[in-house]
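**Q** pasting the sequence and the predicted model now:
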Amino acid sequence: MAKFVPQEELSLSDQMKVRREKLNDLRSQGLDPFVQTKFDVTATSAQIKDHFGEMEGKTVSLAGRLMSKRGMGKVVFCDLQDNAGRIQLYVKIDEMEEDSFNRFKKNDIGDIVGVKGDVFRTQRGEISVRVHEATLLSKSLLPLPEKFHGLTDRETRYRQRYVDLIVNPEVKDTFVKRSQILRELRHFLDGRGFLEVDTPILTPFEIGASARPFYTHHNTLNIDMVLRIETELYLKRLIVGGMDRVYEVGRIFRNEGMDPTHNPEFTTIELYQAYTDFHGMMDLVEDMMKTVAMNVCGTLQINYQGKAIDLSHWERMTMIEAVKEYSGVDFAAISSNEEAIAIAKEKHVELPEIPTKGAILAEFFDAFVEENLIQPTFIYDYPVENSPLAKRKPNDPAFTERFEYFINATEFGNAFSELNDPIDQKGRFERQVAERKSLDPDCKAQVDYDYVTALEYGLPPTGGLGFGVDRLVMLLTDSASIRDVLLFPTMKPLDKETQK
């Protein structure tokens, strides 16, 4: 008699061969699993476990993926994984038709099955389903990684997220929580009278902002188009049109670098509210963050990568105050660009391409401050040089009514009292585009004159906010990388030989 060799001890190619042979055998018997079109599910694993007292002895139908098999004689124990969790199946030859039992024994780990049986508790106390009927609903032709947590290589996990979700339950939990976070954000904004809208992803030209876009081509119009790098200008057109509170959950595309907090495509929420300012946006952010964290996590004391983050307290500092505290340099006492350049050289701070006092202040912030902002902090009053869409401060036009908020030394969002002076906005746009072209003569950036036209019809005083959803999900799920909270992060394609 030939020696039985467990499938898991075979090579991958041999396992694949065995599974295809089983499929061919089923098809030869007229039992092709891929022709199944429906299976009525009456219960989930979680419902059975959570309501065992009510369901004990009742007949249920459930479906899912086989994750383990134990026993090869007249009794087989299996773990079935469905959308809600796992539950044990008790399959005994005396409890079902013999042919059906024998076919069930041939099922492989990874196969998707539907079963019907009664709920009971084994002698060892395990809540289980005693199977009377079983149907193979889909044949798994590739074996799952060995052991439940066998898929540990991050590169493979990101490329094959479908397998990652099967074998690493905590990964699915992260994405369930991501959906909860988005639902809570929408609920929060909807409850404050904001209207969710959609604006174009394909735009007619590159604006003057520093982010590099992706280009594509529209065949019918025979024009190059740009994948949006923001949703701001379209949303503010709606404020002009009388839609006083709007927001968009928008996919954004930037042709730039990749690191643990950056992916070329990511999700933001931008919102705009007429008749408020950046202080109103600060209050909204603090209230929103506290509400969402409490509803999703049940606490405002968040553990992120070993650091305790207290979302119940938010610090507020001007950029000048923060730079003075962490670098010792008081930019309020600096009177000229030349003086700022000299101090930057003295402190070994890299000079920006256009070394004005305001731009150098921003470089000092990057060099000395940001890494220290672990607890939630608003930094406001940004220099006008790097805030082309923010309203100037009435008492100091070198600065703008803008803030960013930081947690764990990472910027989470950006907000303004929106610039509504069309003459000032036109001038800033034109200077921004000219500066881009001086640094990169091949740059295709243009001034959005239609937006200027919209402002000429009148934009009311408006507060605006944009923040990254992915970074918020990272924080509330304790995820170290943005790739851990994107179902399908951007990856370099494998070469053809590797894919085979």
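**A** Cool, the structure landed.

**Q** which helix runs longest in the protein?
**A** helix 169-191 (DSSP state H).

**Q** what's that one packed up against?
**A** If you count contacts as 3 or more C-beta pairs under 8 Å, 6 or more residues apart in numbering; DSSP states H and E, helix 169-191 packs onto helix 161-167, strand 195-196, strand 245-253, strand 265-274, helix 278-297, helix 469-477. Quick note: C-beta positions are derived from backbone N, CA and C, even for glycine.

**Q** what's the angle from that helix to strand 265-274?
**A** Relative orientation of helix 169-191 versus strand 265-274 (axes from the mean of the first three to the mean of the last three C-alpha atoms, to 10 degrees): 20 degrees.

**Q** what angle do helix 169-191 and helix 469-477 make?
**A** Using the same axes, to 10 degrees: helix 169-191 against helix 469-477 is 120 degrees.

**Q** looking at the chain, which helix or strand does the model trust least?
**A** Among the helices and strands of the chain, helix 496-499 carries the lowest confidence by mean pLDDT, DSSP states H and E, at a mean of 58.

**Q** what sits against Gly208?
**A** Applying C-beta atoms under 8 Å, 6 or more residues apart in numbering to Gly208 gives the contacts Pro388, Phe429, Gln432, Val433, Glu435, Arg436, Ala445, Gln446, Val447.

**Q** ok, the fourth one to Gly427 distance?
**A** The span separating Val433 from Gly427 equals 11 Å under the rule C-beta to C-beta, to the nearest Å.

**Q** can you show me the strands along the stretch 1-150 of the chain?
**A** 59-70, 75-82, 85-92, 112-121, 127-138 (DSSP state E, counting those that start in this stretch).

**Q** average pLDDT for stretch 258-266?
**A** The average pLDDT for stretch 258-266 rounds to 93.

**Q** ok, now stretch 142-157?
**A** On average, the pLDDT along stretch 142-157 is 72.

**Q** what about that stretch, how long is it end to end?
**A** With C-alpha to C-alpha, to the nearest Å as the measure, stretch 142-157 spans 16 Å from end to end.

**Q** ok, back up a step: show me which of Val433 and Gly427 is the more surrounded one.
**A** With other C-beta atoms under 10 Å as the criterion, Val433 and Gly427 differ in neighbour count, and Val433 comes out ahead with 19 against 13.

**Q** sec struct for the residue nearest to that one when sequence neighbours are not counted, please.
**A** Leaving aside its sequence neighbours, Val433 sits nearest to Gly208 (C-beta to C-beta, 6 or more residues apart in numbering; 4.0 Å). Gly208 falls in the coil class when you classify it by DSSP: H, G, I helix; E, B strand; the rest coil.

**Q** for the one 5 residues further on, same thing?
**A** Assigned with three-state DSSP, Pro213 falls in the coil class.

**Q** neighbours around Ile360, how many?
**A** 27.

**Q** that one reaches Glu339, doesn't it?
**A** No. Counting by C-beta atoms under 8 Å, Ile360 stays clear of Glu339, with 9.7 Å between them.

**Q** please name the residues that touch the residue nearest to Thr267 when sequence neighbours are not counted.
**A** Closest residue in space to Thr267, ignoring its immediate chain neighbours: Val469 at 4.2 Å, by C-beta to C-beta, 6+ apart. Going by C-beta under 8 Å, 6+ apart, Val469 touches Ile181, Leu182, Leu185, Val249, Phe266, Thr267, Thr268, Ile269.

**Q** show me what contacts the first one?
**A** By that I understand Ile181. Counting by C-beta under 8 Å, 6+ apart, Ile181 makes contact with Val292, Val296, Val469, Leu472, Val473, Leu476.

**Q** roughly how far apart are Ile320 and Thr356?
**A** Distance from Ile320 to Thr356, by C-beta to C-beta: 15 Å.

**Q** neighbour count winner among those two?
**A** Ile320 (21 against 18).

**Q** just to check, the more buried one is in contact with Ala332?
**A** Yes. Contact criterion C-beta under 8 Å: Ile320 and Ala332 qualify, at 5.4 Å.

**Q** returning to what we had before: only whichever of the contacts of Gly208 are buried, select them in ChimeraX.
**A** Buried members of those, defined by 16 or more other C-beta atoms under 10 Å, are picked up in ChimeraX with:
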select :388,429,432,433,435,436,445,447
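
**Q** which of the contacts of Gly208 scores worst on pLDDT?
**A** Least confident of the contacts of Gly208 in the model: Pro388, at 81.

**Q** please name the nearest non-neighbouring residue to that one.
**A** Ranked by C-beta to C-beta, 6+ apart and with sequence neighbours excluded, the top spatial neighbour of Pro388 is Arg428, at 4.6 Å.

**Q** against Arg237, how distant is that neighbour?
**A** Taken as C-beta to C-beta, the span from Arg428 to Arg237 is 17 Å.

**Q** any stretches of the stretch 151-300 of the chain with poor pLDDT?
**A** 151-152 (pLDDT under 70).

**Q** swap in 90 and give it another go.
**A** 151-157, 169, 207-211, 257 (pLDDT under 90).

**Q** quick one on the thing from earlier: chain center to the longest helix of the chain: distance?
**A** 10 Å (C-alpha atoms, centre = their mean, to the nearest Å).

**Q** put the alpha carbons of that helix into CSV.
**A** Taking Å, rounded to 0.1, in the frame of the first residue of the first chain, the C-alpha atoms of helix 169-191 are listed here in CSV:
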residue,chain,number,x,y,z
PRO,A,169,-7.4,38.3,11.0
GLU,A,170,-5.9,41.4,12.6
VAL,A,171,-5.4,42.9,9.1
LYS,A,172,-9.1,42.6,8.4
ASP,A,173,-9.8,44.2,11.7
THR,A,174,-7.8,47.2,10.6
PHE,A,175,-9.8,47.7,7.5
VAL,A,176,-13.1,47.2,9.3
LYS,A,177,-12.0,50.0,11.6
ARG,A,178,-11.0,52.1,8.6
SER,A,179,-14.6,51.8,7.4
GLN,A,180,-15.9,52.7,10.9
ILE,A,181,-13.6,55.8,11.0
LEU,A,182,-14.9,57.0,7.6
ARG,A,183,-18.5,56.4,8.7
GLU,A,184,-17.9,58.4,11.9
LEU,A,185,-16.3,61.3,10.0
ARG,A,186,-19.2,61.5,7.6
HIS,A,187,-21.7,61.3,10.5
PHE,A,188,-19.9,64.1,12.4
LEU,A,189,-19.9,66.4,9.3
ASP,A,190,-23.4,65.5,8.2
GLY,A,191,-24.6,66.3,11.7
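
**Q** what angle do that helix and strand 75-82 make?
**A** 30 degrees.

**Q** buried stuff in helix 169-191?
**A** For helix 169-191, the neighbour count (16+ other C-beta under 10 Å) marks Val171, Thr174, Phe175, Lys177, Arg178, Gln180, Ile181, Leu182, Glu184, Leu185, Phe188, Leu189 as buried.
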